[in-house]
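Student: Prediction below, plus the sequence it came from.
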Amino acid sequence: MIFRTLTFFSLLLTVPSLAFGVAPFAGDSFARIVMPDQVSVSENAVSLGSVADIITDDGNLRARLAVVDVALLKPGQITATVSPSFIEIRLRLAGFRQDQFEVTGGDECRLELTEPVLLSDREVQEVAMLAFQKALSIPAEDLRVCLTAPFVASLPSAARSQTGLRVEVAMPAGDRIGQVSTMVRLWKDDELVAVRPTRFEVLKRQTVAVTLVSLQREQRVSDSNIRLESRFVETLIDEPTVEDLENRVSKRDMKAGELISLSDLKSTPLTISPIVVNARDTIEVVAIKGRLRVKLRTAQALQSGRVGDIVQFKNVDSASIRSGRIIGPGQVEIRI
C-alpha cells in the first residue's frame, strides 16, 4: 500500500490552477470546517466537500468551499493525508479570507481511495424482498423474490455509473404472489434518476399436497399416493393437513407430481355424513392462527357441505370470498 503525505509544494505542482485562486467571497459569512480523522473517497481528485463537514448558514459560501480541491491521488496511490493547516493554505490560495473560515479536527485526516459502490441486481432484489415481506406480512424465510430479467443492464449508462442510488419498489394494487409487475424507482438524494417497470417472481412457502402416482377419478387417496410437502409456490392455495385428506377420493384424473387442492377431493360414499351447512346460510366462521382465534361477525355460506368439506363463504362486511373447512353445523374454520 502506498502512503503519502501531501505537501503545499506537491499540490501546487499537481493542481496548478488552484494556486491562482478564485475571487474572494464578499460579506460577513463564516464557515466552520470539521475534518474527520479518516474518510473514504471514490475519486482521485478530492474536494473539500467530500471529506469535511462544512457548517455555515450561508449556502453560497458552503457551495464555494465544497468544490475546492484538497488532494489529487496519482495513479496507483490509494492513501494520503491532509492536515487542518494544509486545508487553511489551500483555501487561502483559492481566494478565501482567513476571517471567513475555521478548520477544526485532529492533527491529520487520512484519505483512502475505495472502489465506487454501484447499484446491483442483488440490491434491487433485497429491497423488493423487504417491500413484499412487509406488504404480505410473511416472514423472510417463507418468501422468495427474484427478478425475472436483469435490471441494472436495462438502465441508461449515466444511471448505471452513479453511486449512492436509493431503490424504491412500489407495491402493485393486484396480485402480489406469482409473476408480479411493479415499478422500481431510483433516487439520488432527493432527485429521481430512473423509473422502470419491472417483473419479479414472488414465491410463498406453503404446505401442499402432491400426488406420488397417477390417480383416477373416484380413487381413494392415502399416504401411498399423496404426500404433504413444504414448497415455494407462486399461487395461494389450500394448505391441507393429514386429517383433511382422510376418507377422501379424487374428483378427477390426476398425473403424478401434480399439486392438488382440497377442492379436487371429496368425501368417500361410505363416510358421507349429513349436510350441516347449506348455501346462503348465515354461518359462524373462526379464523385460527397459532393460538389466536378470531371470529367473523357476519358470514354467508356460498356452498352446501358436510363436516370436513371445504366450502366457500362470503364475509358480509368486506364482501371478500374465502374457503374454509366445515367443523360442525353452521360452523366453518379457516387457518391463516
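Tutor: Arrived safely, thanks for sending.

Student: Which helix or strand contains the residue lying closest to V242 once chain neighbours are set aside?
Tutor: Using CB to CB, 6 or more residues apart in numbering and skipping the chain neighbours, the partner closest in space to V242 is L228 (6.9 Å). C-beta coordinates here come from the backbone N, C-alpha and C atoms, glycine included. Using DSSP states H and E, L228 maps to strand 226-233.

Student: And the helix or strand just after that strand, what does it pack against?
Tutor: Under the assignment DSSP H and E, the closest C-terminal helix or strand after strand 226-233 is helix 242-245. The contact analysis (3 or more CB pairs under 8 Å, 6 or more residues apart in numbering; DSSP states H and E) places helix 242-245 against strand 226-233.

Student: how about the strand it packs on: buried residues?
Tutor: 226, 228 (16 or more other CB atoms under 10 Å).

Student: Stretch 293-302 too?
Tutor: 296, 299-301.

Student: and what of stretch 105-120?
Tutor: Neighbour-count burial for stretch 105-120 [16+ other CB under 10 Å]: 105, 108-111, 113, 119.

Student: want to try TSV for these, with distance to K74 as columns?
Tutor: Converted to TSV, these look like this (distance: CB to CB, whole Å):
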residue	distance to K74
G105	24
E108	19
C109	18
R110	17
L111	13
L113	11
L119	29
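
Student: Out of those, list just those in helices.
Tutor: Judged by DSSP state H, the subset of these located in helices is empty.

Student: Now intersect those residues with the strands, please.
Tutor: 105, 109-111, 113 (DSSP state E).

Student: Lowest-confidence entry in these?
Tutor: Of all these, L113 carries the smallest pLDDT score, 85.

Student: So that one sits against N44, correct?
Tutor: Yes: using CB atoms under 8 Å, L113 makes contact with N44 at a distance of 7.0 Å.

Student: what touches both of these two?
Tutor: 73, 77 (CB atoms under 8 Å, 6 or more residues apart in numbering).

Student: on that earlier part again, of the buried residues of stretch 293-302, closest to M35?
Tutor: Lowest distance from M35 to the buried residues of stretch 293-302 (CB to CB) belongs to L296, with 63.7 Å.
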